[in-house]
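> model this:
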Amino acid sequence: MGVTGAPGPVMDRDEVDRALARLGAEHEAIETSLLALQDHAGRRLLEGAQLTGVTKERWASAEASITLLWAYFDAYADALRSAREIRSRRRWSSREDLVELTELLRGESVTVAGSTTAAANAPTLIGASRLSESFSLAGLVDRMNELYASSLDMVVAADAVWSALPARIDLLAAELQRTRRLAHSVGVRPGEHPAGDDLERITYTLTHLREQVVSDPLAYWVPAQGSSAPGGGRPDTTVYDREARALEDVRREIDAVLTVRQDAEQRLLRLRDVLSRADRTLAEARNARGEVLAKIAATEVPVVGGPPTVLQEQLATAAEYRRHAQWHRLSPLLESLEQKAEDELLRARESLTAVTAPLAVRAELRGRLDAYKAKVARHGLAEDRFLIERYDVARRMLWSAPCDLRVAEQAVLRYQRAAAELLAAPRVPEQGGPEDHRGER
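A predicted model of the protein is given here:
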């Protein structure tokens, strides 16, 4: 440490005392900060860790900065001690003392030897590669503040990542192990079920994520935009969050498999019932088709297909899966079979409806014919010979086999029209009756 030329007006005693008090307070604050940094848990972890990547590079620079910090602080403390010694020589400092104090307190009076280690590890630091540097005490404080802020930022960021991610990864890994055991118990294994493959991938990813976080924490640090405070930012949990969501998806899949194990027998029974109803409906449709062909003439009756054997085969496979506790295979098969069975029952019902449609048409025509006959009777026209003839023709067609529906429908329509005309015509007693108002058609 050396003294350079005079830095301007000579300070008086009060100015010197005030400057020494301020510099003493700054000395205590800087010393407290440096000791806190020295004892910081993050710094101790960085010193003992096997670092890689960006953290290794930044820690080498931070270590050089901390080395320079202590060198600067020692020079600062020596200069402050020298100034206090000069001021304590006399109660009333002489002109020469005040000149010397002014030079020491305001001039670039502090010369610090360059650090060879700092120059090797952090050649980009200002002054690190020089043999010596000269500072004013105020300039030296500014320089120490800069180095302290950058070093603390690196230490706090690494410590924040180490405090946040490894513990969360360990908790997720423990949950992963529980899920793996549960998955194994229900037959969800790698190579046999997609969820088993997902568990293997999550395990691999979490293992490597933890290794990377421990060796290179700054690779998982996101600085806060626009923040200049040391440690401003947050740990990057993107990979962790993605794997946590993936594990939750697997857990839901395992829960679905467990649900299958609990109600598999009931679901299989329901499936057998639905398929049995579909088979009975198809059998009914086949019998109805024979009846329609025998009783209805000149009509097209759709062919009734047989029950699909593939569903019975798949049902047998499902029962086999249940017998051997292969729940992971049974789960998707049951879901597929349940939908196919409902579709098959619907197809059978539609087939029965299509086959019996001619019989339904014949029944509707019979009902319509009888309804008009009853209506005619209520109006006192039941004994009308013309209506009786028309009714007998229509009835003979509808109750004979095979029945030609098109011809029978025309006969019913003729009876309806004749009845409607008679019902609409005015009644003239004793003058021919209703026979005078009908026409031959």
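
> from here on, contacts and neighbour counts on C-alpha atoms
Fine.

> could you pull out the strands for the stretch 301-441 of the chain?
If DSSP state E, counting those that start in this stretch is used as the criterion, the strands of the stretch 301-441 of the chain fall at 403-404.

> residue ranges with poor pLDDT in it?
Counting by pLDDT under 70, the stretch 301-441 of the chain contains low-confidence residues at 426-441.

> let's see it at 90
Counting by pLDDT under 90, the low-confidence segments of the stretch 301-441 of the chain come to 301-315, 318-335, 350-363, 365-366, 368-412, 415-441.

> what are the buried residues along stretch 338-347?
Neighbour counts over stretch 338-347 (16 or more other C-alpha atoms under 10 Å) mark Glu338, Ala341, Glu344, Leu345, Arg347 as buried.

> contact partners of that stretch?
By C-alpha atoms under 8 Å, 6 or more residues apart in numbering, the residues outside stretch 338-347 that reach it are Leu271, Val274, Leu275, Arg277, Ala278, Thr281, Leu311.

> swap the cut-off to 7 Å and go again
Stretch 338-347 is touched from outside by Leu271, Val274, Leu275, Arg277, Ala278, with contacts defined as C-alpha atoms under 7 Å, 6 or more residues apart in numbering.

> what's the answer for stretch 48-56, then?
In contact with stretch 48-56 (C-alpha under 7 Å, 6+ apart) are residues Ser215, Asp216, Pro217, Leu218, Ala219.

> try it again at 10 Å.
Applying C-alpha atoms under 10 Å, 6 or more residues apart in numbering, the set of residues contacting stretch 48-56 from outside is 43, 46, 57, 59, 61-62, 154-155, 158, 212-220.

> same thing with stretch 308-328?
183, 185-189, 192-196, 253-254, 256-262, 264-265, 268, 271-272, 275, 279, 329-334, 336-338, 340-341, 344.

> put the buried members of those residues into a ChimeraX selection.
Per 16+ other C-alpha under 10 Å, the buried members of those correspond to this ChimeraX selection:
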select :183,186,187,188,189,195,196,253,254,256,257,258,260,261,264,268,271,272,275,279,329,330,331,333,334,337,338,341,344
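
> and the host helix or strand of Ala25, what does it pack onto?
Using DSSP states H and E, Ala25 sits within helix 13-39. Contacts defined by 3 or more C-alpha pairs under 10 Å, 6 or more residues apart in numbering; DSSP states H and E place helix 13-39 against helix 41-48, helix 53-87, helix 95-106, helix 137-185.

> off-centre distance for it?
Put simply, helix 13-39 sits 54 Å off its chain's centre (C-alpha atoms, centre = their mean, to the nearest Å).

> rewinding a little: out of the helices and strands packed on helix 13-39, which gets the lowest mean score?
Across the helices and strands packed on helix 13-39, helix 95-106 has the smallest mean pLDDT, namely a mean of 76.

> tell me what angle it forms with helix 53-87.
170 degrees (axes from the mean of the first three to the mean of the last three C-alpha atoms, to 10 degrees).

> what pairs with whatever helix or strand comes next after helix 95-106, and is each one parallel or antiparallel?
Next in sequence after helix 95-106, counting helices and strands by DSSP H and E, comes strand 110-113. Strand 110-113 has these partner strands in its sheet, going by DSSP bridges: strand 132-135 (antiparallel).

> may I see the buried residues of the partner strand?
For strand 132-135, the neighbour count (16+ other C-alpha under 10 Å) marks Ser134, Phe135 as buried.

> before we move on, what about stretch 84-104?
Residues of stretch 84-104 classed as buried: Arg84, Arg87, Ser93, Asp97, Leu98, Val99, Glu100, Leu101, Thr102, Glu103, Leu104 (neighbour count, 16+ other C-alpha under 10 Å).

> any of the contacts of stretch 48-56 buried? List them.
43, 46, 59, 61-62, 154-155, 158, 212-220.

> report the longest helix in the chain, please.
Ordering each helix of the chain by length in residues (DSSP state H) puts helix 238-295 first.

> so which elements touch it?
Against helix 238-295 (3+ C-alpha pairs under 10 Å, 6+ apart) you get helix 137-185, helix 194-215, helix 309-323, helix 327-355, helix 357-378, strand 403-404.

> what about 6 Å?
In terms of contacts (3 or more C-alpha pairs under 6 Å, 6 or more residues apart in numbering; DSSP states H and E), helix 238-295 is packed against helix 327-355.

> immediately after the longest helix of the chain, which helix or strand?
Scanning onward from helix 238-295 (DSSP H and E), the first element met is strand 296-297.

> run the chain-centre distance for that next one.
Centre-to-centre, strand 296-297 and its host chain are 62 Å apart (C-alpha atoms, centre = their mean).

> can you pull the phi/psi pair for Pro235?
phi -70, psi 140 (degrees, to the nearest 10).

> leaving out sequence neighbours, find the closest residue to it.
Trp221 (4.6 Å; C-alpha to C-alpha, 6 or more residues apart in numbering).
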